[in-house]
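# Please work out how this folds:
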Amino acid sequence: MTLDIREYRCHVGGKEVIIETGRLAQQAGGAVTVRMGDTMLFCSTTMGSPRSGLDFFPLSVDYEEKMYAGGRVPGGFFRREGRPSEGAILTSRVIDRTLRPLFPKNMRNDVQVILMSLSHDKEHHVDMLGIIAASTALMISDIPWNGPVAGARVGLVDGELLVNPTYSEMADSTLDLRVSGTAEAINMVECNADQVDEATMLEALFLAHDSVQDIIALQQRIRGEIGKDKQAPSVDDISEALQAEVSARVEAPIREIMSAHSDRAARRQPLRDIQAGLLEDYSARQAAGDSSINLKHVERAYDSVMKKVVRGRIVNEGIRPDGRDHASIRALAAEVGLVPRVHGSGLFMRGETQVLTIATLGTPRDSQFLDGLSPEDDKRYMHHYNFPPYSTGETYPMRGPRRREIGHGALAEKALLAMIPPAEEFPYVLRLVSEVMSSNGSTSMASVCGSTLALLDAGVPIKNPVGGIAMGLIKEGDKLAVLTDIQGMEDHLGDMDFKVAGTAAGITALQMDIKIAGVTRDIMGQALAQAKDARLEILAVIQAAMPQRRAKLSDFAPRMESFKIAVDKIGAVIGPGGKNVRALQDEHQVKVDIQEDGLIYVAGDSGAEVDRAIEKIKAMVQEPELGHIYTGKVMRTENYGAFVEFLPGSEGMVHVSQLADYHVKSVEDEVSVGDEIMVMVINIDGTGRVRLSRQAVLEGWDVEEAQRRDAAGSRGGGRRGGGGDRRGPRRDGNRGGDRRGPRRDSNRSGGDRNRS
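Take a look at the predicted model:
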């Protein structure tokens, strides 16, 4: 079999992109590999037959993170890839949100887009590369699609915008912006940032859009050279006659109800009655033998009339369903400290949207370990978002978080990421859980606000409070309206869902999904400006509820301190087989986490025990200091002096002449093994051997005086203050020891019998 292998090259942001097709997966509708550096993705696109009875477009986009791409064996019992990681799900969502608006309206064919990593160099990101791969595969396939699109990432390092930065370049970036678009406009945005101003953000958005024009043009060229003929899509359109018939019946009543009731609850039942009456009449006609009746089409025709009325009132009359103008926010409220025993809690309400967020503080052992291709291997800050059925007054099975919930949780997490204090300042692991209690639009941004409240209530020293708002767009011909704080109906019937989070100083997160081909620079600029005004209003409400963080952590939160030791001292703290660290944990009921760089975390329920454990650890790694006084333990005795452990693992000798402030005839007359005595370090020789003096402590000498007296005592007799032992040669430091073994005196009690 002869393969028609084609290779195409292009540059995006100064980095070469290599597209190859014809080598792999010949039976797929379209298949390509896309490479940047040594990161390579494979993508296939295939269209199946339409499934009967569907009232939605069955598109699936799945990115499979293959661990062999990074030269790794997957973790877990089975040692193979299982359910997708959170990172893989978010990559799938970014690609899906870019592709979906460009398929034919009401298309019902099954379309499957599968991407997988073949190679990953831990330098080049896969998500924007995945958009290019999926778009190119769709362009050369037989699948009807109105592309191409392409994506690019933009970073901000030292005030300079970088297109398609690597992981290394992103390490110091205050912006991580991902943008995709067509040749004409932007159609997807995902971003987290560290308080970037609106003007810089707008510049970055359109720098990204400009940077993908060459790769979009290349895809058009590839399509012209090797693209397959497109199949006709299976489209489930409503007949014009049915639409006209339904419109004539329900448009006037719907308009009347929408004009009369700005409250959703007040208009809910009248609108349901109109819809129920409509379906009842068409059901009767169907039962009477009219086979042309399709009740799903009747429902869609009704929805189309509702959409026309609501959108028309907004763009033509400037009136939204709840009576607000385009830039107004619904009623706001915020509370903290609602839930006992948890470490922090915050409740945020915007109209009928209500989110309760709980903050939990943990130790470094509670961080999330990541088993993926990204260089990031753990997370100390997590946000989880739950959207239960009761929040919308519905019932359905609860089977764990769906892609939408994972995506919303990740967005709220990114919104606060730059505001979380570093581990060196606040060593806790942080987990936030947002429970959506009631939903009528923009629960993800309410989760951002609830998270800020919960963190402040927990006493976390965040840099600045963060608020979030969802913007919308209604575009009818040449008329358009940018809406602040969209509610559920406006999200469902509108053309854009543009979420903006940030502080008073700047933007921390963006996410945009659209249902039209794209949005222009003017629309983006207006949306960002309105979002800033709304954000400042929301932040004022948050700060009124919680002006500053609590000065004291919850009584139920663990107490944790961190400090750093020299890397070469880690072994001394751990001890043989972990003996030392286990003993510390058992004795003081604490958790001790030791990082590879020497950073140590100590956590426990009792602050006093945490302090004691820290004191012992610091003693284990402390270097002897001249003139410093220590309490040590006599480990063995010789006729010329006593050997004392004055720091864990550090031993020195007290000469017999330095054991007391009077003449000592025999070491054993003064101290025994196991006694604790106070000693001063008076000399450290070139080999690290330490000489100690107990007499210096008793007499109150400084180190210089102690050294002079020690030298005189070693040369002279045994007068008071001079010391001296004429019976044997002076032996210094940590030499030797008694070959016969240490003397044990079971009749002596511990402790220093004299004045120390």
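# Can you pull out the low-pLDDT segments for the protein?
Residue ranges of the chain with pLDDT under 70: 713-756.
# so R264 sits right up against R330, yeah?
No - if you go by C-beta atoms under 8 Å, R264 and R330 don't touch, sitting 10.9 Å apart. (Glycine included, C-beta is placed from N, CA and C.)
# Return every residue with contacts to both of these two.
D322, E352, Q487 (C-beta atoms under 8 Å, 6 or more residues apart in numbering).
# Looking at the residues you listed, which are in strands?
Here DSSP state E is the test, and the shared contacts of R264 and R330 give no hits in strands at all.
# Could you point out which of these is nearest to M620?
E352 (58.0 Å; C-beta to C-beta).
# So Q511 sits against K499, correct?
Yes - counting by C-beta under 8 Å, Q511 touches K499, with 4.5 Å between them.
# shared neighbours of those two, anything?
Residues touching both Q511 and K499 (C-beta under 8 Å, 6+ apart) are L411, S444.
# For G607, give me its contacts.
Counted by C-beta under 8 Å, 6+ apart, G607 has contacts R559.
# With V235 instead?
Under the criterion of C-beta under 8 Å, 6+ apart, the neighbours of V235 are P104, K105, N106, M107, R108.
# Need the max-distance pair from the residues you listed.
Spanning the widest gap among these are K105 and R108, at 10.8 Å by C-beta to C-beta.
# For S239, which non-adjacent residue is closest in space?
In space, and not counting its chain neighbours, S239 is closest to H297: 7.5 Å by C-beta to C-beta, 6 or more residues apart in numbering.
# hang on, that neighbour packs against L242?
Yes - applying C-beta under 8 Å, one finds H297 in contact with L242, separated by 6.0 Å.
# overlap in contacts of the two?
Counting by C-beta under 8 Å, 6+ apart, no residue touches both H297 and L242.
# one step back: just the shared contacts of R264 and R330: which are in helices?
Using DSSP state H, the subset of those located in helices is empty.
# can you pick the most crowded of those residues?
Comparing those by number of neighbours (other C-beta atoms under 10 Å), Q487 comes first, having 24 neighbours.
# just checking, that one touches G441?
Yes - applying C-beta under 8 Å, one finds Q487 in contact with G441, separated by 3.9 Å.
# Number of residues surrounding I406?
Neighbours around I406, by other C-beta under 10 Å: 18.
# That should have said V429, apologies.
When neighbours are counted by other C-beta under 10 Å, V429 comes out with 23.
# separation between the nearest residue to it once chain neighbours are set aside and M258?
Among residues not flanking V429 along the chain, G362 sits closest, at 3.9 Å (C-beta to C-beta, 6+ apart). Per C-beta to C-beta, to the nearest Å, G362 is found 49 Å from M258.
# What of D378?
Remark: distance between D378 and M258 (C-beta to C-beta) = 51 Å.
# Now do the strands in the stretch 101-250 of the chain.
Taking DSSP state E, counting those that start in this stretch, the strands of the stretch 101-250 of the chain run over residues 109-119, 150-157, 160-163, 175-181, 186-196.
# Phi and psi next, for L528.
Note on L528: its backbone torsions stand at phi -70, psi -40 [degrees, to the nearest 10].
# So it sits against T200, correct?
No - using C-beta under 8 Å, L528 makes no contact with T200, being 10.7 Å away.
# More neighbours: which of the two?
Using other C-beta under 10 Å as the criterion, L528 and T200 rank with L528 on top: 22 against 17.
# Next one: that one from T182, what distance?
In terms of C-beta to C-beta, L528 sits 21 Å off from T182.
# ditto for D568
57 Å.
# swap in I319?
Distance, I319 to T182, using C-beta to C-beta: 32 Å.
# same question, D495
Here D495 is placed at a distance of 15 Å from T182 (C-beta to C-beta).
# the more surrounded of these two?
More neighbours surround T182 than the other of D495 and T182, with 22 against 19 (other C-beta under 10 Å).
# My guess is the more buried one contacts G518. True?
Yes - between T182 and G518 there is a contact at 5.6 Å, judged by C-beta under 8 Å.
# how many neighbours does P421 have?
Using other C-beta under 10 Å, P421 has 15 neighbouring residues.
# Sorry, wrong one. I was asking about R350.
For R350, using other C-beta under 10 Å, the count is 27.
# element containing S672, please.
Using DSSP states H and E, S672 sits within no helix or strand.
# measure it to I5 for me?
Following C-beta to C-beta, the distance that separates S672 from I5 is 86 Å.
# okay, these two: which has more neighbours?
S672 (21 against 10).
# secondary structure class for the residue nearest to G407 when sequence neighbours are not counted?
Of all residues not flanking G407 in the chain, R93 sits nearest, at 5.1 Å (C-beta to C-beta, 6+ apart). Three-state assignment for R93 (DSSP: H, G, I helix; E, B strand; the rest coil): helix.
# Number the chain from 54, please
In the new numbering, first residue 54, that becomes R146.
# so what's R146 up against?
V114, R456, I459, G460.
# Can you show me the helices along the stretch 254-403 of the chain?
266-279, 293-313, 317-340, 348-365 (DSSP state H, counting those that start in this stretch).
# possible to save these as CSV with distance to V687?
Shown next, in CSV, are those (distance: least, C-beta to C-beta, whole Å):
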stretch, distance to V687
helix 266-279, 77
helix 293-313, 91
helix 317-340, 82
helix 348-365, 88
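# Tell me which of the ones you listed sits most buried.
Burial of the helices of the stretch 254-403 of the chain is given as mean neighbour count (mean count of other C-beta atoms under 10 Å); helix 348-365 ranks first at a mean of 18.
# and the closest residue in space to F616 that isn't next to it in sequence, how many neighbours?
For F616, ignoring the flanking residues on the chain, the nearest one in space by C-beta to C-beta, 6+ apart is I653 at 6.0 Å. Residues lying near I653 (other C-beta under 10 Å) number 24.
# Can you give the strand pairings for the helix or strand hosting I653, parallel or anti for each?
Assessed by DSSP H and E, I653 sits inside strand 652-657. Its sheet considered, strand 652-657 pairs with strand 612-617 (antiparallel), strand 643-647 (antiparallel) by DSSP bridges.
# Would you mind telling me which of the ones you listed is nearest G66?
Distance to G66, taken as C-beta to C-beta, is lowest for strand 612-617 among the strands paired with strand 652-657, at 37.9 Å.
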